[in-house]
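**Q** Predicted model follows, preceded by the sequence.
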Amino acid sequence: MKKVQIFSDGACSGNPGPGGWGTILRFGEHEKELSGGEKSTTNNRMELTAVIKGLEALKEPCEVEFFTDSKYIIDSVTKGWALKWKNNGWVKPDKKPALNPDLWERLLELLEIHKVTFNWVKGHAGHPENERCDRLAVAASQAAKQS
């Protein structure tokens, strides 16, 4: 399996509001930047979309070292919450509906294809790739607001 690094971030101006996401894929010396936005969304949806778009860009199963500042994503995956929500019909233990089931469904599918290790990085703390992803996400959010 190829070893790839992926960095991602999401941004939202208002919650909900115009939002954007940014992702950097790195394989050896090669880097690819991806970004996009939506007119009305939430920060968590943009964080999830960034992760999904990064994994969807891979053309074959890979070993992925993933870096994000989203505790929501890391905890939901590594602590098994998202899988439990799915197995319970997208209902959380408190009987409230799980948010973003469409995106969680897609992410769980991608996690079956790739071997992913999630790493948390502190946001807005000078981590170069996280800062770049943040700039991509904010620019995409601003572009979505204009459209």
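**A** Received the coordinates, thanks.

**Q** how about the longest helix along the chain: buried residues?
**A** In the chain, taking DSSP state H as the definition, the longest helix is helix 128-146. Buried residues in helix 128-146, defined by neighbour count with 16 or more other Cβ atoms under 10 Å: 129-134, 136-138, 140-141, 144-145. For the C-beta atoms, the positions are set from N, CA and C on the backbone; glycine is no exception.

**Q** Reformat the residues you listed as JSON lines; add pLDDT.
**A** Putting these into JSON lines (pLDDT from 0 to 100) gives the following:
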{"residue": "Glu129", "pLDDT": "96"}
{"residue": "Asn130", "pLDDT": "95"}
{"residue": "Glu131", "pLDDT": "95"}
{"residue": "Arg132", "pLDDT": "97"}
{"residue": "Cys133", "pLDDT": "97"}
{"residue": "Asp134", "pLDDT": "96"}
{"residue": "Leu136", "pLDDT": "97"}
{"residue": "Ala137", "pLDDT": "97"}
{"residue": "Val138", "pLDDT": "95"}
{"residue": "Ala140", "pLDDT": "97"}
{"residue": "Ser141", "pLDDT": "95"}
{"residue": "Ala144", "pLDDT": "93"}
{"residue": "Lys145", "pLDDT": "89"}
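
**Q** could you dump those to CSV with distance to Arg106?
**A** Putting those into CSV (distance: Cβ to Cβ, whole Å) gives the following:
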residue, distance to Arg106
Glu129, 23
Asn130, 23
Glu131, 27
Arg132, 24
Cys133, 19
Asp134, 23
Leu136, 20
Ala137, 19
Val138, 24
Ala140, 19
Ser141, 21
Ala144, 20
Lys145, 25
